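Q: need a structure here:
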Amino acid sequence: MFRDVVEILQPGDVLVLNDTRVNTWRFHGRKETGGEVEILALKELEPGVFEALVKPARRLKPGAKFTLGEGVTGQVLGEGDDPTRIVKLESQASDLYETLSKIGEMPLPPYITERLDDSERYQTVFGQSPGSAAAPTAGLHFTDEILDQLKAKGIAIATVTLHVGIDTFRPVQVEDISQHKMHGEVCEITPEAAKTINQAQGRVIAVGTTAVRTLETRAISCRKVQPGRQESRIFITPGYEFKIVDGMFTNFHLPKTTMLLMISALASKNSIFEAYRQAIELKYRFLSFGDSMLLLKSSGF
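A: Sure, this is the predicted structure:
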C-alpha cells in the first residue's frame, strides 16, 4: 500500500515535492461565426497573452476572434510551437484574472469524465504556486498524514516548482528520440530548498518526473543544485547520468511518452517492461488517479 512509504524511506533521505498548483485555465466559448471553441492556456507570455492549446485548431488561425463569456474576448495572434497558438484575452472588467477565475474550469485529463465538484481533488495537498496546466500526478498520492509521519521519522522535505506545460504530456512522435523537441517549462529551486537538498545525508527521492527534471536542470555537480529559476528543456532518456536523483515516485505512464523514457533511464528498459507486464496482468490503474511506483537506484535496477 502507498502508506508503506513511511517504512521504505529512511532518516536522512530528502523527499523533493513539486509545489505547483493547477490553474483553472480551460475555457469554453464561441467564434464570431458561432462555432464552439475550447482554449487551454498553458503559460502566460506577457500580461493577457498566453500560449494555449485550442480546439478546433485548424479553424482557429491567426486573426480569429472569439468570446468566452463574462465580457472576455480573445484573438489568436499567431502560432506557437506546434501544436500551440498564441492568444490574447481581454476583459471588459477591470481585473482580467479575476474574471478568468470565474469562467475557467479545471483542466482535467480527457479520460476523467465525471464532473469534478471539488477542484481541490485535482491538486496536491502541498501545492502552493499557481501556474500548471495539469497536476503533478505523482504527488496526488501523498496526504498530510503521510507527510507528517515522514517528517517525524527524520525524512527532510524540500519543495521545488515546475509548472506543468506541454512538455509533460506531449507524446513522442518521432522514431528517432533525439529529434524530439522540448518546448520548455519554467522551474525554480529556492535557496532554502537547495540547502536542504545539498545537505542530504541519505538519498534524494523526487516525487514525479517534474521534480526530477527540476533537480537535474539545476544540478551544478554531483549531489549539488543551484537555487534559481529558469526554463527547463532537459530531455532525460536511457543513458543519462543522474547527478542528483537517487530514486523517484511516479505513476504508470503510457507508451511513447517522455516520462516513460525518463523512468527507463533511472531503471532500465528491461526492468520497466517487466514491471509494466506485471502491472497490466494485475490490472493496475495508469495515469492521474492510478497506482504509484517507487524506483530506487539501490534496489538492483
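
Q: Not counting the lengthiest helix in the chain itself, show me its contacts.
A: The single longest helix within the chain, with elements called by DSSP state H, is helix 269-281. Helix 269-281 has contacts (Cβ atoms under 8 Å, 6 or more residues apart in numbering) with 238, 252, 260, 263-264, 267, 286, 291, 293, 301. C-beta here means a position set from N, CA and C on the backbone, and glycine is covered the same way.

Q: Now it: average pLDDT?
A: Helix 269-281 shows a mean pLDDT of 92.

Q: now do stretch 244-255
A: On average, stretch 244-255 scores 93.

Q: Ends of that stretch, what's the gap?
A: Terminal residues of stretch 244-255 lie 26 Å apart, using Cα to Cα, to the nearest Å.

Q: Now do the helices in the chain.
A: 5-8, 96-103, 144-153, 166-169, 191-198, 209-217, 258-266, 269-281.

Q: which parts of the fourth one are buried?
A: Of the residues in helix 166-169, those buried under the neighbour-count criterion (16 or more other Cβ atoms under 10 Å) are 166-168.

Q: And for the longest one?
A: The neighbour-count check on helix 269-281 (16+ other Cβ under 10 Å) flags 271-272, 275-276, 279 as buried.

Q: now the angle between helix 258-266 and it, please.
A: 130 degrees (axes from the mean of the first three to the mean of the last three Cα atoms, to 10 degrees).

Q: chain center to helix 269-281, what's the gap?
A: 23 Å (Cα atoms, centre = their mean, to the nearest Å).

Q: Tell me which two of the contacts of helix 269-281 sit farthest apart.
A: 238 and 291 (23.1 Å; Cβ to Cβ).

Q: Point out where the stretch 51-200 of the chain drops to low pLDDT.
A: The stretch 51-200 of the chain contains residues with pLDDT under 70 at 169.

Q: rerun at 90
A: 57-61, 69-71, 79-84, 92-95, 97, 101, 105-121, 133-134, 164-185 (pLDDT under 90).

Q: Okay, strands next: where are they in it?
A: 65-69, 72-79, 85-91, 129-132, 156-162, 185-189 (DSSP state E, counting those that start in this stretch).

Q: Quick one: list the elements packing against the longest one.
A: Counting contacts by 3 or more Cβ pairs under 8 Å, 6 or more residues apart in numbering; DSSP states H and E, strand 72-79 packs against strand 26-31, strand 65-69, strand 85-91, helix 96-103.

Q: how big is the angle separating the second one from helix 96-103?
A: The directions of strand 65-69 and helix 96-103 differ by 70 degrees, with the same axes, to 10 degrees as the criterion.

Q: List the contacts of residue 78.
A: Here residue 78 is in contact with 62, 85-86 (criterion: Cβ under 8 Å, 6+ apart).

Q: Please read the previous query as pertaining to residue 64.
A: Neighbouring residues of residue 64 by Cβ under 8 Å, 6+ apart: 31-32, 75-76.

Q: give me that answer again for 10 Å
A: 31-33, 37, 54, 74-77, 85, 87 (Cβ atoms under 10 Å, 6 or more residues apart in numbering).

Q: got it, and residue 287?
A: Counted by Cβ under 10 Å, 6+ apart, residue 287 has contacts 109, 111-112, 137, 251-254.

Q: same deal with residue 186?
A: So residue 186 contacts 20, 43, 131, 161-163, 165, 214, 229-232 (Cβ under 10 Å, 6+ apart).

Q: Most neighbours out of the residues you listed, which is it?
A: Among the contacts of residue 186, residue 20 has the most neighbours (other Cβ atoms under 10 Å), with 34 neighbours.

Q: what are the bridge partners for it, then?
A: Residue 20 has the following beta-bridge partners by DSSP bridges: residue 129.
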